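Chemist: What follows is a predicted structure for the sequence shown.
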Amino acid sequence: MHFGSAETVRPQPQKPVNDSTASSPSDDHCIEYRQALPSDTPKIHALLRPYVSQHLLLSRTDAEITELTRHGFVACIPAEGTDDLESDSDLPKSTVIGFAAVEVYSPKLAELQSLAVRADYQRSGVGQKLVDLCVQRTGELGVMEIMAISSSEKFLYSCGFDYSLPDQKRALFRQLRPRPYEAD
């Protein structure tokens, strides 16, 4: 799989990176990876919504998602039956099938956030590519470590994450009250 340099992924104006090796078995569209834009917020929100309702991702407001686009990436496929451009950019109309972002806390630590891939594109390399782009961005920003809080530990382990870094302290948690969806 081609992982494109930052210059390839983040040119001005935003141009997509094509990756024809990562596609759904039932779909022959090329997947384009690019820097997320604030105008992608409604599409990202729609992608995240089912995972939020299943309590797999945290709920985020439009403002929070827009902020995440600053260091976020989308995976897109061309919209069905159109060669039109998005109304607010030079990009062709597309469907967002994946998203991931990095939130930088300090020069030492960043967090991978809101990783989501549409169900019919899971296990096709889209999530791995989005994680790789986020890790690359984190490195470009000079951040020393990136963490992820997730219930998908096998996937993240396959992306090079581990439960702790060598010679690091471990986080321990204690639940003080049930989560709202567990109270029923």
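Modeler: Structure received.

Chemist: How much space separates the nearest residue to Tyr181 once chain neighbours are set aside from Val96?
Modeler: Nearest in space to Tyr181, with sequence neighbours left out and distances taken as C-beta to C-beta, 6 or more residues apart in numbering, is His55 at 5.5 Å. For every residue, glycine as well, the C-beta is placed using N, CA and C. Plainly put, His55 is 21 Å away from Val96 if you go by C-beta to C-beta, to the nearest Å.

Chemist: element containing Thr41, please.
Modeler: Taking DSSP states H and E as the criterion, Thr41 maps to helix 41-53.

Chemist: tell me, what residue is most central in this structure?
Modeler: In the chain, the residue lying closest to the centroid (C-alpha atoms, centre = their mean) is Ala100, at 1.2 Å.

Chemist: isn't Lys108 right next to Leu141, touching?
Modeler: No: applying C-beta atoms under 8 Å as the test, Lys108 and Leu141 come out as separate, 11.5 Å apart.

Chemist: residues near His45, how many?
Modeler: Residues near His45, counting by other C-beta atoms under 10 Å, number 18.

Chemist: Look at it and report its pLDDT.
Modeler: You'll see His45 listed with a pLDDT of 96.

Chemist: How about the contacts made by Leu57?
Modeler: Contacts for Leu57 (C-beta atoms under 8 Å, 6 or more residues apart in numbering) come out as 48, 51, 114, 116.

Chemist: could those go into TSV alongside distance to Gly72?
Modeler: Compiled in TSV, the contacts of Leu57 are given as follows (distance: C-beta to C-beta, whole Å):
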residue	distance to Gly72
Leu48	11
Tyr51	15
Ser114	8
Ala116	11
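
Chemist: Scan the residues you listed and report the most crowded one.
Modeler: Neighbours here mean other C-beta under 10 Å. Within the contacts of Leu57, the largest count is held by Ala116, at 24 neighbours.

Chemist: picking up where we left off before, the host helix or strand of the residue nearest to the centre of the chain pairs with which strands?
Modeler: Element membership for Ala100 (DSSP H and E) is strand 94-104. Strand 94-104 sits in its sheet next to strand 72-78 (antiparallel), strand 109-117 (antiparallel), going by DSSP bridges.

Chemist: if you compare those strands, which one is most tucked away?
Modeler: strand 72-78 (a mean of 24; mean count of other C-beta atoms under 10 Å).

Chemist: Just the C-alphas of it, formatted as CSV.
Modeler: The C-alpha coordinates for strand 72-78 follow below in CSV (Å, rounded to 0.1, in the frame of the first residue of the first chain):
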residue,chain,number,x,y,z
GLY,A,72,-7.7,14.7,10.9
PHE,A,73,-7.9,12.7,7.8
VAL,A,74,-10.8,11.3,5.7
ALA,A,75,-11.0,8.3,3.4
CYS,A,76,-13.4,9.0,0.6
ILE,A,77,-14.9,7.3,-2.4
PRO,A,78,-16.4,9.2,-5.4
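
Chemist: This completes my enquiry, with thanks.
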